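Trainee: quick one: sequence plus predicted model below, questions after.
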Amino acid sequence: MSDLLRVEELKVNYYSSKGKVYALRGVSFNIKRGEIYGIIGETGSGKTTICHAVMGFIGKKADISGRIFFKGRNLLTLKEKELRKLYCREMALLPQSIASLNPLMTIGTHIEETLRARSNIRGAQSLKKKALDLLMTFQFSDPKLVYRSFPSQLSGGMNQRAVMAITFCCSPSLVIADEPTKSLDLGSKDSFLETMDRLKRERNISVLIVTHDLEVVEKVCDRIAVIYDGLFVETGKAGDVMSMPLHPYTRSLIRAMPKNGMCPTWGFAPSSLENNDSCSFQPRCPVGRRLEKKHIVPSPVMVGKDHLVWCCDVKG
Amino acid sequence: MRGYLIRRLINTIIVLLGVVTLTFFLMHFTEGDPATIIALDKYGGQLISPKVIEQLASEEGLNRPIYVQFFNWLKLIGKCNFGNSLISGVPVWDEIMLRFPYTLELAIISVLISSLFGVSVGIYSAYYQDGWLDRITRLLASVKVSIPNFYLAIICVLIFSVKLKILPSFGCDGPRHFILPVLVLVISQIGFTIRIVRSTVLEILESEYVQYAYIRGLSTNRILFVHVLKNALIPVITYISLQFLMTVEGAIIVETIFAWPGIGKLFQEAILGRDFTMIQALVLFFAVLVCVVNFVVDILYLAIDRRINFL
Amino acid sequence: MIKKIQPKKLIYKPYIYFLLFITIVSVSPSTFSPNSPYVTDVSRRFEPPSATYFFGTDELGRCVFSRIIYGTRISLVTGLSILLLSLSYGGLLGTLAGYYGGWLDEVIMRLTDTFMSIPSSVFALVLARALGPGLGNVSIILSVAMWPGYARMIRGLISDIKNEHYVETAKIIGLRSSYILVKHILPGVLPPILVMATLGMGRNILMISSLSFLGLGIVEPTPEWGAMLNKGITYIRTAPQIALFPGLFISLTVLSFNLLGDQLGDALIGNTEHRNIFMRGLGGSK
């Protein structure tokens, strides 16, 4: 099966008032069709930058290098016009908050305008029918009511589902979700994850989920990557990584989960102002802390099928 | 929806009542004794004596206590009787109705032009923020807002009537006579419109729903002229109504300079000539115009923001 | 918040120099005017600009340039007094309305609505007719015409700040109202008021000139810019300098105040919220 998305050596630098910020320092991964890929990291690790880079939102004020292949085409070489043609039809970004809905327009209008712009459906009747079908797929008990409603008349969870419906209306091949469960309560979170799973199975849609919530990862991801300070530290199948975490950082994340005792990770988050070969996690690593000199990050070691880890403490 | 309308209506009525009261007392406490004024006007300076004034006062009912006069006046207004002009002797209401259309012509044309231009330039200025269009319009807008409209009028007259001799500088006989007054009104208002539209649109452009529209791949035109415009329309309509009222206000000066026979000029004549009844009626007229326009805007909101239907 | 203004940037703005110039001039006009603004010389009427008379002479042979110089003091001082007066009434009522809310707020708001229904020029003209000409009267008249706008804006500012968390916390802790007002609310309200005042100076000067232009407000031979325009328009074809130069100065002064106000606005109120209050203050009672 060929890859839907293949990212190679992606590097992104921003310029801030404090200097150059190395948001991504060389990240590579691939996503197959019908696969849910999760990227886990803390705030500032660079995960949102990955989303922006794939969608082409990195502006002219930042440096970006590497290759992002989507269905064989390198997105970084495309002009803006070409890139925009892909939006919502092939690649879609699922927005985080429901403020993304125009308060003066009904849900129905949102869906229909997207359909009109991004698909071949024309004619008021067919548009409306498709919109109502879509709403039913997303388990709205009364699609007609939601179709006529304004965002302010629906609950937060319903709005969230509405946003999902709008994003999926043209069946994009890849959906990028940046912290989709951030503002959801437990009930909505569960239903969101269920929907993700269902879409994957029924429509073969791939999803790139960026999150810091390991529960999401556990329940719904096929493969995951753990990112720290702009670099991946461990990648592999979700089951493998969660049951047998190899990198000390991954281990600390899992220990910090509420059900595992919520142990905090010692130390401070790294500043992204430096770019060198040494391991950024060393100051916080139970093993690395005791060592005197700075470690150079080794090449990835493959442990088991598809499970990669970048750690000096792990042998092949 | 009905609740909203009713509330706005009640508000308007309260303000109208307040305005009527304010006008009445304003006139009475500032213009001095109306009886003296009327007498002066009727009989000329030499023939005035306290006796004459008193007789006039009792004739016109001007010597009764203030609150009685107030209610009498209210009754008269109810019948649309505002008295006669002290200058021309013609019923004030007729005179106002005769001349209001001229001002209305000027105001509507100016507001239409400056709104169309102002809103589109404002939107594009915000969209291409810091582009050449934006910088030029921002500077020009500041300048336009600072130049007093009479100065602008003078300059226009100087350029077009005196030096170039292509446009008439007074009168209202033909379409060419429209150009200069409208030009002055438009230029003095458009700066204000552009600045406010621009800042409203800028805010909207940064909102999440506009970003989401972009992410969904909607065309720039759709984003600008449907999403942005819809959300901008409510503040923009408020500003346009304000602009209409400012134009009517500005017409006072512009009509004076260009000898345009509208109510602006009428007002200025009344002020200079101490035409008590006319002044009183005109002040009330202006105020009622303001209230009516505000109420119309309230109704327009209903059409735009359908959410109010459910309020 | 005042730290946000970078004094360095101001040096590059020409309007600052213009404002400084006219302020200095207004303090001591006699130093800057080559001739007397009042002395008439009928033999030298309508002269075009020359070495002796920089801007030429007017219909009575007076030096236009000198009259403009003396006019700076009139405009600035009157403008300032209007500002202070209207900010006082407007500020007081606005603060009461904003801080105490409730029926007091409603009543004051209806009051401002009523006053605002009468356009300020109309109001001013009527009062001017009644009170007669003179600078002092002009100050009173225009301050009465302008106060509702300020009242509304200040009320909006104060009621918004009042709802901020830090004020609510102060109340819960039990601090006295007067203390809260001074220590918490005032610092939040001062920057927008400063911007309002600057823009207001511009508006005031415009209104003063408009009044004088229409023949009310300033008595001859006081060299007020608007009044000079009034006279100048009659002679526009033969001696345009009488009208052109005063008008130019009005525009430049108002422009400088406006630009300064904008700059201050950007520096002090980066926060979009407060900018909204500005805009809201201009609209109706929505």
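Mentor: Okay, I see it.

Trainee: residues touching residue B:206, list them.
Mentor: With contact set as C-beta atoms under 8 Å, 6 or more residues apart in numbering or on different chains, residue B:206 has no partners. To be clear about C-beta, it is placed using only N, CA and C from the backbone, and glycine gets the same treatment.

Trainee: that one and residue C:147, how far apart?
Mentor: Distance of residue B:206 to residue C:147, given as C-beta to C-beta, to the nearest Å: 34 Å.

Trainee: same question, residue B:98
Mentor: Taken as C-beta to C-beta, the span from residue B:98 to residue C:147 is 35 Å.

Trainee: equivalent analysis for residue B:90, please.
Mentor: For residue B:90 relative to residue C:147 (C-beta to C-beta), the value is 36 Å.

Trainee: neighbour count: those two, which is higher?
Mentor: With neighbours defined as other C-beta atoms under 10 Å in any protein chain shown, residue B:90 and residue C:147 compare such that residue C:147 has more, 25 against 12.

Trainee: what's the more buried one in contact with, if anything?
Mentor: Applying C-beta under 8 Å, 6+ apart to residue C:147 gives the contacts C:85, C:86, C:89, C:90, C:93, C:115.

Trainee: so it, which state does it fall into?
Mentor: Secondary structure, DSSP: H, G, I helix; E, B strand; the rest coil: residue C:147 is helix.

Trainee: and residue A:286, by the same measure?
Mentor: Per three-state DSSP, the secondary structure class of residue A:286 is coil.

Trainee: what helix or strand does the nearest residue to residue C:264 once chain neighbours are set aside sit in?
Mentor: Of all residues beyond its chain neighbours, the one nearest residue C:264 is residue C:195 (4.9 Å), with distances taken as C-beta to C-beta, 6 or more residues apart in numbering or on different chains. The secondary structure element spanning residue C:195 is helix C:186-213 (assigned by DSSP states H and E).

Trainee: any figure for the gap between residue C:202 and chain B?
Mentor: Distance, residue C:202 to chain B, by C-beta to the nearest C-beta, to the nearest Å: 7 Å.

Trainee: now that residue: how far from residue C:166?
Mentor: From residue C:202 across to residue C:166, the span is 33 Å (C-beta to C-beta).

Trainee: can you list the contacts of residue C:147 in TSV and add secondary structure?
Mentor: Output for these, formatted as TSV (three-state DSSP):
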residue	secondary structure
C:85	helix
C:86	helix
C:89	helix
C:90	helix
C:93	helix
C:115	helix
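
Trainee: ok, these vs residue A:16, which is closest?
Mentor: For these, the residue nearest residue A:16 by C-beta to C-beta is residue C:90; the value is 42.7 Å.

Trainee: burial count for that closest one?
Mentor: Residue C:90, neighbours per other C-beta under 10 Å, totals 25.

Trainee: ok, residue A:32 next?
Mentor: Using other C-beta under 10 Å, residue A:32 is surrounded by 15 other residues.

Trainee: can you check residue C:23 too?
Mentor: Neighbour number of residue C:23 under other C-beta under 10 Å is 12.

Trainee: could you look up the SS state of residue B:185?
Mentor: Criterion first, three-state DSSP; result for residue B:185: helix.
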